[in-house]
Every structure is written in structure tokens, then in C-alpha cells.
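Participant: The following comprises the amino acid sequence and a computationally predicted model.
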Amino acid sequence: VDCIHEHSEECFPAQQGAEEPGAADVQEAPPVGGEAAPSSPGLCAHICSEENGCLTMQLQCAHEAAGHDGACGYEPGSPAAPCAFVCGACAAQPEPSPSQGPEPSPSQGPELSARELEAAANTPPPAAQEDLLAFVGGTGYPSLQEAYDAAVAGGADTIVLAQGAVLDACLTVETKMTIVFNGSTLNGPDNDSAFTVRAGGDLTLTGNGAVNGSLSGNNEWGIVYLEDGAVPLQGQVALQNNTGHADDGYGGAVYMKSGRFTMEGGAIQNTSGVYGGAVYQSSGSFTMTGGVIQETQASQSGGAIYAKGDVVMSGGSIWHTLAKFYGGAVYVGGTGSFTLENGLIEGCEAMGSKWYSAGGAVYASGAVSMTGGSIEGCRGYVGGGGIYMDGGSLAMSGGAITGCSTAQDSPDEKYARGGGGGVFVHSGAAFTLTDGEISGNTCAYQGGGVYLLGTCTMSGGRIADNYAEDLSGYSERGGGLALGEGASFTMGG
């Protein structure tokens, strides 16, 4: 910065007894106006500083200018998830020495916001990141367990992970805690969950990173075991790469004994279980408002979700999930409920058995409500390419079921002729249609749009452009709607 001081006679007093500033602290004065300096000039007493305006201190951090994103762990509106970005240039600034003049007062220069102060407090020193894997308030620890213990002891509620953090044993959470992934991948233990959350626990996983389970097939309870309490999944954190036990693997990623699981972002991917390729819910509530569940599978039922509690999907997507028998995406037991308000279920299948597989997107004996969202391109072998109701109730007041189908090569006329390309309503089940659309679906037997053995009341909505083809190649068995023995259909409104 150019010095704005202009020399005058006052700058060049005669030699005084007082000690002169060191040469490093002054600027030597060139001749002014081409004239020589006084015969006994001494040194110019001016010192450049912030106080007299010669020097300005302004942070020019490229990250701050570019804005925060998921990569730095910051989530808008979430003080517990501060930005964990460390600017190498800023961190390298030396502390001012006493000889560099007075330090600026707190009122000088731009003030840091509360968020910036919190971020600074939780950002690990760059030089320490090589050996320390988890940080609480800027203090590093070699393991997540040690960081958690320190956080609980000190009353802190946020842990920031560095790269390469490892869990040798399951971490049990019984208090409110946020774990911020800063581009981190956390590897869980081989034969246990990475996290167990108990009553009083509230574990938020946020930022940008992943938790790997185990592909050994030794894990019975998923990556997260939710005994009680709450687990919000946010940001761009993925629960992934876990194979449940072949006999008792319930929930490829999350096992819910009780409590609340909310999926606000992130992903569950490449996980498998016997029941619930992604989530097994014994009770409690699961709310999905964002994120994606993809490429998960169940060796029995519920390719993504096996629900015996309440499940609400108001956003996000379930994509390409598989079940061998029932519910390519969602299985809803008699005590459970599933509400689709928004979001997308696409490309899911229950196609593992030519004799039993049904409900490409949803198989239910509980309560299903569809007020919005979309079910697209799903397949169920013997029936219900979109939804198969084996009891319970289906209320559709919005959304769309499109492009779904049953198998085209069913070998047995009695048991395995696919019916209901869009919706199959079995005896004892009730279907109410007040709005929404069932269109572009196909089946190999009866009811390209809807096959009905139970009851259906239609007062609105649209069933159109569906197609049914029986095994002999003729389309004569209810392209839009087919009624089987004992069915009841009422249309009005």
C-alpha cells in the first residue's frame, strides 16, 4: 500500500536523546522537491499504521467471495453446521510482533458475524489435520469416539470430521450431536452399525461426505440403528455400501426400532437387507423431504422401505430399487401407513418370482394415501405394476401413476397372469379415487389401468390410455378398468 504521509519540517527534528525507532519500522524519506534534507535530519518519525490510514487490513478470501456450498459443510439456517473451510493463505498470516506498531482495536476493520466466529471456533488448524480426524471447538482428536466423549464432557454439540475417519466400534449417541462431514468418508465397523441412537439422542449427519457400512454380510441392523430419539440426514451425506446379514439383515442402511428418521437431503445407496433394502421400520415415523434412495434391494420385501409405522414422502426420489417378492420400493404392513405427497418413485421392481412378486412401487396391506408426486415405470410380476393393495385402503386425490406394467411372460393362467398395470385392488381392499391420473400403464392379463377384486369409488381423476393384453394376444380384458369376481365399482361426481 502506498504511504499517504507527506514530509514536512516537523518530520526532521534535530537529533534528540530519545531512542529512535528501528530501521525496520520506518520508511527512509527521499528528498522532497529535489532539495537536500536538513543538515542534521535525524529520521522521519512517521510510522505507517492502520490508525493513520496508511495501511488497511482487508481479508480477500476467495472462498468467502465464491460463497459457501455443501463441500464446506455449511447448511443455511443451521448454526450447528458451520462452514469448515480453512483458507491456507489466511491461516498462514503471522502474528504481529510488538515492533510492528500498536494492534488495531476491535472497532477497527470489518467485524466477523456470529456464523463466521462459530466457523472459526470449529475449524481445525491445517497443520494438525494429518493425524487428527475429528475436531470439537478447534481441538483435534484421533478418533470420532474420543471427539464425541470430549464434546459431551464439554457441553459441545458439533463435531467436524477430517478425511479418513474410522470407527472401530459402534458410536452410541444419547445426547444432541451434529456431525459435519467436510469431504469426509467414515468407515464403520465390519459387523455392527456405525451409530446407535437411544432415547434422548438426536444425531444430525450433515455436510458433504459418506458413511460406509460393510459388504461382509455380518451386519444385522444397518448403518444406523435408531433405538429411539431422532436422526436427520442432511446436505450431501450418503449412507452406502452395506450388505445386511442374509438371515437377519433388517434395513440395509437404517433400522428403526422407534424414534424419528428424517431424510432432508443426502443419499442412501448400494445397501441391501432381507426386509427393507434401505430402511426397516418397526415403529416410529420416517419423513422424506429430499435426497435420494437408489440402487437398494431386499431379498424378501421392501426394496427401499419396509414400513410398519408411518412413512411420509413429500420430496426426494426413490429410484431403481428392487424386491424379490413384494414392494419394489415400499412395503406397507397392516399397522403401517404410507403417504405420497410429492417426489418421485421411478424404475422400481418386484420381479423376483413369477408366482408371487407384486407391487412394483408399493405393496400394502395397511393405509396408502397419494395426494401428489409420481410413480413411473415400475413393474410387478403378477400384479400391480404401480400399487398392489392386498387389503387396507388406497386413497388417491392427486399425483400420477404412469408407464407401469406387469410381466408379459407369466407361465400360469391361474396364479401368474399379471393384472392391474397401474393398480391392483385385492378382495378386502378399498380404493377411493377423487383426483389424479392413472395413464399409460400396461398389463399381461386384465385391467391395464386398474384390476379390481375389492371395492372402488371414483368421483374424480382420470384413468386413460392404458392397455391390457391377454396371453393369446387380444386386448379384450379391460384396458382401463377390469372387475373380477366379487368386485364393486361406483362412479359419480
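Facilitator: Structure received. Numbers count the residues shown, from 1 in each chain.
Participant: average pLDDT for the longest helix anywhere in the chain?
Facilitator: In the chain, taking DSSP state H as the definition, the longest helix is helix 144-154. Across helix 144-154, pLDDT averages out at 95.
Participant: for this protein, which spans come out with low pLDDT?
Facilitator: For the chain, applying pLDDT under 70 flags the ranges 1-130, 164, 408-417, 470-476, 493.
Participant: Helices along this structure, start to end?
Facilitator: According to DSSP H, the helices that the chain contains are 62-66, 88-91, 114-122, 144-154.
Participant: Can you mark which positions in stretch 185-198 are buried?
Facilitator: By 16 or more other Cβ atoms under 10 Å, the buried positions in stretch 185-198 come out as Thr185, Leu186, Asn187, Gly188, Pro189, Asp192, Ser193, Ala194, Phe195, Thr196, Val197, Arg198. In short, each C-beta sits where N, CA and C put it, glycine included.
Participant: With just CA atoms, put the longest helix of the chain into CSV.
Facilitator: Taking C-alpha atoms only, helix 144-154 is exported to CSV below (Å, rounded to 0.1, in the frame of the first residue of the first chain):
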residue,chain,number,x,y,z
LEU,A,144,-14.6,-40.0,16.5
GLN,A,145,-15.3,-41.7,19.8
GLU,A,146,-12.7,-39.6,21.6
ALA,A,147,-14.2,-36.4,20.0
TYR,A,148,-17.7,-37.4,21.0
ASP,A,149,-16.6,-38.1,24.6
ALA,A,150,-14.9,-34.7,24.7
ALA,A,151,-17.9,-32.9,23.2
VAL,A,152,-20.3,-34.5,25.7
ALA,A,153,-17.9,-33.7,28.6
GLY,A,154,-17.5,-30.1,27.5
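Participant: List the buried residues of that helix.
Facilitator: Across helix 144-154, burial judged by 16+ other Cβ under 10 Å covers Leu144, Gln145, Ala147, Tyr148, Ala150, Ala151.
Participant: Show residues contacting that helix.
Facilitator: With Cβ atoms under 8 Å, 6 or more residues apart in numbering as the test, helix 144-154 has contacts from 133-137, 139, 141, 156-159, 161, 165, 167-169, 171, 173, 175, 177, 179, 186.
Participant: Report the buried members of those.
Facilitator: With burial judged by 16+ other Cβ under 10 Å, the buried subset of these is 133-137, 139, 141, 156, 158-159, 161, 165, 167, 171, 173, 177, 179, 186.
Participant: What is the end-to-end distance of stretch 227-242?
Facilitator: The straight-line separation of the ends of stretch 227-242 (Cα to Cα, to the nearest Å) is 19 Å.
Participant: cool, stretch 295-312 as well?
Facilitator: Taking Cα to Cα, stretch 295-312 runs 20 Å from one end to the other.
Participant: what do you get for stretch 443-454?
Facilitator: For stretch 443-454, the end-to-end distance is 18 Å (Cα to Cα).
Participant: try stretch 208-225
Facilitator: Stretch 208-225 stretches 21 Å from its first residue to its last (Cα to Cα).
Participant: buried ones in it?
Facilitator: By 16+ other Cβ under 10 Å, the buried positions in stretch 208-225 come out as 208-214, 217, 219-225.
Participant: Over to stretch 484-493?
Facilitator: By 16+ other Cβ under 10 Å, the buried positions in stretch 484-493 come out as Gly484, Ala487, Phe489.
Participant: can you pull up the bridge partners for the last one?
Facilitator: According to DSSP bridges, the residues that bridge with Phe489 are Cys456.
Participant: Distance check, Ile305 against Val180.
Facilitator: 27 Å (Cβ to Cβ, to the nearest Å).
Participant: Quick one: residues contacting the nearest residue to Gly276 once chain neighbours are set aside.
Facilitator: Nearest residue to Gly276, sequence neighbours excluded (Cβ to Cβ, 6 or more residues apart in numbering): Tyr306, at 3.5 Å. Contacts for Tyr306 were tallied using Cβ under 8 Å, 6+ apart; they are Tyr250, Gly251, Gly273, Tyr275, Gly276, Val279, Tyr280, Gln281, Ala298, Gly327, Tyr331, Gly333.
Participant: could you show me where the strands are in the stretch 101-250 of the chain, in order?
Facilitator: In the stretch 101-250 of the chain, the strands defined using DSSP state E, counting those that start in this stretch lie at 134-136, 139-141, 158-161, 171-173, 176-187, 195-197, 202-212, 224-226, 230-233, 236-243.
Participant: Just tell me which of those ends up closest to Gly347.
Facilitator: With Cβ to Cβ, the closest approach to Gly347 among the strands of the stretch 101-250 of the chain belongs to strand 236-243: 18.8 Å.
Participant: Mind listing the strands the closest one pairs with, and their directions?
Facilitator: strand 202-212 (parallel), strand 267-275 (parallel).
Participant: C-alpha coordinates for the last one, PDB please?
Facilitator: Which is strand 267-275. Below are the C-alpha coordinates for strand 267-275, written out as PDB (Å, rounded to 0.1, in the frame of the first residue of the first chain):
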ATOM      1  CA  ALA A 267     -28.500 -40.400  -0.300                       C
ATOM      2  CA  ILE A 268     -29.000 -44.000   0.700                       C
ATOM      3  CA  GLN A 269     -27.400 -46.200  -2.000                       C
ATOM      4  CA  ASN A 270     -25.900 -49.600  -2.600                       C
ATOM      5  CA  THR A 271     -27.400 -51.200   0.500                       C
ATOM      6  CA  SER A 272     -29.400 -54.400   1.000                       C
ATOM      7  CA  GLY A 273     -31.300 -56.300   3.600                       C
ATOM      8  CA  VAL A 274     -33.800 -59.100   3.900                       C
ATOM      9  CA  TYR A 275     -36.600 -56.700   4.700                       C
END
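Participant: circling back to that earlier point, just put the strands paired with strand 236-243 in TSV and tack on distance to Gly377.
Facilitator: Conversion of the strands paired with strand 236-243 to TSV gives the following (distance: least, Cβ to Cβ, whole Å):
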stretch	distance to Gly377
strand 202-212	28
strand 267-275	19
